[in-house]
Every structure is written in structure tokens, then in C-alpha cells.
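Novice: Show me the folded form of this:
(2 chains)
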Number of protein chains: 2
Amino acid sequence: MNVILFEPAEMPPDGVVRVTGARAAHLTRVLAVTPGQDVRVGIVDGATGRGVVTDVDGGAVALKCSFREVPPSVPRVDVILAVPRPKVMRRLWAQLSALGVGRIVLTNAERVERHYFDTHILQADAYRPLLIEGLQQARDTRVPAVSVHRRFKVLIEDELDAITGDALRLVAHPGATQSPAALVRDHPGRRVVVAVGPEGGWNAFELNLLESRGFQPVALGQRPLRTDTAAVALVAVIHDALGRPDAALES
Amino acid sequence: MNVILFEPAEMPPDGVVRVTGARAAHLTRVLAVTPGQDVRVGIVDGATGRGVVTDVDGGAVALKCSFREVPPSVPRVDVILAVPRPKVMRRLWAQLSALGVGRIVLTNAERVERHYFDTHILQADAYRPLLIEGLQQARDTRVPAVSVHRRFKVLIEDELDAITGDALRLVAHPGATQSPAALVRDHPGRRVVVAVGPEGGWNAFELNLLESRGFQPVALGQRPLRTDTAAVALVAVIHDALGRPDAALES
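Specialist: All right, here's what the predicted structure looks like:
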């Protein structure tokens, strides 16, 4: 936990907040804070700042918080992901928010098992704490927007333009010869959206539809990767090619 | 499973092999092979090739295998990793071998818990099947060399030169301002070794010792990442910057 995040409703106007539970346990046991020390704090979807410890009392810590004026910018990468196995998706939420994505668009595909859509891990009460865990790791405050789409064709044909605007469109495809980094560097300043298929890949219809809507096939070498490894690897490579979007994050 | 790997001792000189167990289950249930079809095969640490199905009989599949002359090249990235929590390490083995690493050097550090060294997941009988699982995902045959070092200082001062030779040396450090991709592109043709610290990072002594031995600090943006996310992200970014080392892999 490299920043302690608060929901907006938790933060009173005077910035003095009494922390209990997991965040207090982190402050007292891992950071071993004492009055006078300060720690990184932030408001979910808001600004980061510093919290000065004013009191440590058993399981509770009081912090006097002050915030910067400008919140961190929204990460410039969005991900379209064919819903992976629930166990894999559970691990991906925090990894994606830690790497920094503006939006996570979950979609159906031929090789996605239908019952994946019925699992708890696609419900906001399950994934939101995991997204916030990743933000607290990465010192960010911006919760990725999440949407779940059971109809791939409708998503790509009718909904995508409104969701991702004019972002550079990439689709991960193990046979592709282009590196995502080279394409991203050719389009400086543009947001990027990358579509990652299911285990076994997009089928021909899906890949054709994506390409007809401007998605360019890219691959990281010739090694087919598991969905979770591919998603983490692609987002990392694209961020690195975009340069440093995190100037607003406190070092 | 994108290639079926065999240990050298499993492969008779005539190349006709009878597969049972998990690999046969994959051939019959996932690929639903029938006689005459061919599948990608490979020898652990050897060449890749094709296996023509000659017989499917209940749980067993007979393959007539032929191999290329030249095995895939060893991936050009090595990783030094402060031993992470066993649960995290269990997941990393297959991810690292799928991404492609020549060597995994596991080391102690101040912020590594001592009992991590006593866990089963650092034993070859536990990790070797996971490394091979990653290779079968990525169509590679080269099992990363693994070594475990309980003394960080001895590793870096006395053993490292023999292990990694004149590879470009990088150390992941969240405060760093250099991107690994830029440094790698500045040293075309060189192998790369990247050192990834424990949760909480290398301590000052460790970072200084690494820097004194030529390790250059690098970071992926300003976001501190969990060990497993950082390791996957760094190896992916470095591979992308190295270009395509996998020309020997069959597409």
C-alpha cells in the first residue's frame, strides 16, 4: 500500500479522518507510524496529498490530510478483454489498475465460456476493492471505468465509438508481425485501446470484425501467451511506448 | 498447450511415441485429433517439429515425430529476482518461461522473509513442471536455468560475472527515470539481465551494491508495481525493445 485511499464521503471538509480496519493495520503494523509522521493519502477519483499522523490509539489512526489541487490524469490506455476464467480475472483487476488503465471493457467471444458472465467477480462489489488495491499499490486514485458486454458484435459495431473515441486501436493476435510499441510511437499523444482475446484467441469472424473497425493486429514476439500474461505485458509495453503519463503522481 | 514437449528420454530414435496422461488428454479432448492430423511437438531443451497422429486409442495417442535441425535460441533476457512470497512465485514460473527468459536467479534481500527459502516451490520437482507448462504455452523448448542464492552479497560480488557474463545490467527501482526500453535499444545485440527487488524494494545497501557492479536503475513510469506484475512487465518491455529473438520458433 503506497498510498492510503479514501472514498470522497469518508473525508470531512477539515481533512481530519480517523482510520480503522485494514488501512489502520497497514499504518500501525507495516509502516509503524507515530504522531508527526506523514504518509501519502488520496481521494478515490480525486487528488493525492499527505496525511500527518495526529494520533495512534490501538487499532485507529487519526490523520490530518491536505491535498493537491490537480488529481492524477487518467491513464492513456484502455483494455478490451474477452472475459477470462474467473480465477484469472480475479488476479487481473488489481494488476490492471496498478499498471494504469482508463477503462476495462469485458466482452464475450466464441471461446469465452458462457458461465463466466455469471460469476461474482464481474460484480462491482467484488472487483472495486481489487481495483482500489491496485491503485493503492501504484499511488494512483483513478478507478478504471468498467463495462461488461455480452454481445461482441453489438459492442464493436454499435457501442465502441462512444466508449473509446478516436483511440489508436490494437488487437493482440499471436500471428501478427507488428509490435504495439512501434505503432504507439507512430501516433504520439493518442490514447490507445488494446483488445486481448480469450485463451485460444479470437476466431476469424471476431478478428475480421475488429480489423474492419480499425484494429491493427499486434504481437509481442511469436510466443502465444496466456490471457493474463498477455494483458499485463501489452499494457506495460504500450505505457512504455507512450512515455511517462504519470507526471501528476507524487514521487 | 501450443506445443507438446517430450523429455529427451521419452523420444525413441524412430520418433514414434505413445502419449498418455495430461498431454494425451489435451490431444484428444481439446484438439480432438484424429489419425493423419499433425501437431506441434518439441524436445525439452531441443528442437521443435511436427508429430503426425498415427493412432488414437482411448486415453493414448501415438505420434510419429520429426524435428528441425536447429533448436530455438535461448531467450536473451535473464532475471534476478528477490524471492517473492511462495504463492506469487508459484504463479511466476510459467509466466516467466512463457515470456522467455534464459535464466532465473533467485536471491535473498533484506526484505525477503527467510522462510520463503524453505518452501517446496523453490525445489526443482515443483517448479520444473511449471516452467515446462509455460514453454508449452509459448511454443518454446528451452527450460530456463534456475539457481537459488541465499547470500545476496556473495551472489553480486563473486558469482554474478560467471552467471550473466557481459549482459546489459538493469535494476528495477520505482524512483528511476530511465526506461529499460531506451537502454536496451542503445545496446543492440547484447543480452540483458534485470534485477527485480522484493515487495518494498531493494534497501540502500543492495541498490548501491548493484549500481557499483554496473546495474543501471530503470522504472516503468512512476507507479510502484507488485513484484510479479513488475517482473512480467519488465521482461515484456525488454523483449519488445530487443526485437524478435524467436525467429527459430515455428509460427
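Novice: From now on I want contacts and neighbour counts done on CA atoms only, so please keep to that.
Specialist: OK.
Novice: Which parts of the stretch 101-250 of chain A are helices?
Specialist: A:124-138, A:152-154, A:160-164, A:180-185, A:204-212, A:227-242 (DSSP state H, counting those that start in this stretch).
Novice: most tightly surrounded among these?
Specialist: Between those, helix A:227-242 has the highest mean count of neighbours, a mean of 24, where neighbours are mean count of other CA atoms under 10 Å in any protein chain shown.
Novice: pLDDT (mean, whole number) over that helix?
Specialist: The pLDDT scores in helix A:227-242 average 95.
Novice: ok and that helix relative to helix B:227-242, angle-wise?
Specialist: Helix A:227-242 runs at 60 degrees relative to helix B:227-242, counting by axes from the mean of the first three to the mean of the last three CA atoms, to 10 degrees.
Novice: List of residues touching helix A:227-242?
Specialist: Contact partners of helix A:227-242, identified using CA atoms under 8 Å, 6 or more residues apart in numbering or on different chains, comprise A:76-77, A:84, A:88-89, A:92, A:95-96, A:99, A:101, A:180-182, A:184-185, A:188-189, A:192, A:194, A:196-199, A:220, A:245, B:95, B:179, B:181, B:220-221, B:229, B:232-234, B:236-237, B:240.
Novice: If we use 7 Å, what do you get?
Specialist: Here helix A:227-242 makes contact (CA atoms under 7 Å, 6 or more residues apart in numbering or on different chains) with A:88, A:92, A:96, A:99, A:180-181, A:184-185, A:196, A:198-199, B:95, B:220, B:232-233, B:236-237.
Novice: starting at the chain centroid, how far to it?
Specialist: Offset of helix A:227-242 from its chain centre (CA atoms, centre = their mean, to the nearest Å): 12 Å.
Novice: Alpha carbons of that helix, as CSV, please.
Specialist: The C-alpha coordinates for helix A:227-242 follow below in CSV (Å, rounded to 0.1, in the frame of the first residue of the first chain):
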residue,chain,number,x,y,z
THR,A,227,-4.6,-14.1,-21.4
ASP,A,228,-3.4,-12.7,-18.1
THR,A,229,0.3,-12.6,-19.1
ALA,A,230,-0.6,-11.1,-22.4
ALA,A,231,-2.8,-8.3,-20.9
VAL,A,232,-0.1,-7.3,-18.4
ALA,A,233,2.7,-7.5,-21.0
LEU,A,234,0.7,-5.4,-23.6
VAL,A,235,-0.3,-2.7,-21.2
ALA,A,236,3.2,-2.4,-19.9
VAL,A,237,4.7,-2.2,-23.4
ILE,A,238,2.1,0.4,-24.5
HIS,A,239,2.7,2.5,-21.5
ASP,A,240,6.4,2.4,-22.0
ALA,A,241,6.0,3.5,-25.6
LEU,A,242,3.6,6.3,-24.7
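Novice: would A:Asp55 count as being in a helix?
Specialist: No: checked against DSSP: H, G, I helix; E, B strand; the rest coil, A:Asp55 lies outside a helix; its state is strand.
Novice: does the residue nearest the centre of chain A count as helix, strand or coil?
Specialist: What sits nearest the mean C-alpha location of chain A, by CA atoms, centre = their mean, is A:Ser97, with 2.5 Å. What three-state DSSP gives for A:Ser97 is helix.
Novice: Settle this for me: it is touching A:Leu131, isn't it.
Specialist: Yes: here A:Ser97 reaches A:Leu131: they are 5.5 Å apart, a contact under CA atoms under 7 Å.
Novice: any weak-confidence spans in the stretch 151-251 of chain A?
Specialist: For the stretch 151-251 of chain A, the stretches flagged by pLDDT under 70 are A:244-251.
Novice: Return the residues of it in contact with chain B.
Specialist: A:220-225, A:229, A:232-233, A:236-237, A:240, A:244, A:246, A:251 (CA under 7 Å from any CA of the partner chain).
Novice: Repeat the analysis, applying 6 Å as the threshold.
Specialist: A:Gly221, A:Arg223, A:Pro224, A:Ala233, A:Ala236, A:Val237, A:Arg244 (CA under 6 Å from any CA of the partner chain).
Novice: Output those residues in CSV; the columns should cover distance to B:Phe152.
Specialist: Converted to CSV, these look like this (distance: CA to CA, whole Å):
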residue, distance to B:Phe152
A:Gly221, 33
A:Arg223, 32
A:Pro224, 34
A:Ala233, 28
A:Ala236, 28
A:Val237, 30
A:Arg244, 32
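Novice: re earlier: where's the residue nearest to the centre of chain A relative to chain B, distance?
Specialist: Separation of A:Ser97 from chain B (CA to the nearest CA, to the nearest Å): 10 Å.
Novice: The stretch 1-150 of chain A: strands as residue ranges?
Specialist: Remark: strands assigned in the stretch 1-150 of chain A by DSSP state E, counting those that start in this stretch are A:4-6, A:16-19, A:38-43, A:48-57, A:60-67, A:77-82, A:103-107, A:145-149.
Novice: Over in the stretch 1-150 of chain A, which residue gets nearest chain B? Let me know.
Specialist: Proximity of the stretch 1-150 of chain A to chain B (CA to the nearest CA) peaks at A:Ala138, 4.6 Å away.
Novice: Contact partners for that residue?
Specialist: Residues counted as contacts of A:Ala138 (CA atoms under 6 Å, 6 or more residues apart in numbering or on different chains) are A:Ala98, B:Arg223, B:Pro224.
Novice: what's the closest of the residues you listed to B:Arg213?
Specialist: The nearest member of these to B:Arg213, counting by CA to CA, is B:Pro224 at 23.7 Å.
Novice: Chain B contacts on the stretch 1-150 of chain A?
Specialist: Within the stretch 1-150 of chain A, the residues that sit near chain B (CA under 6 Å from any CA) are A:Ala138.
Novice: try it again with 7 Å
Specialist: Within the stretch 1-150 of chain A, the positions near chain B by CA under 7 Å from any CA are A:Gln95, A:Ala98, A:Gln137, A:Ala138, A:Arg139.
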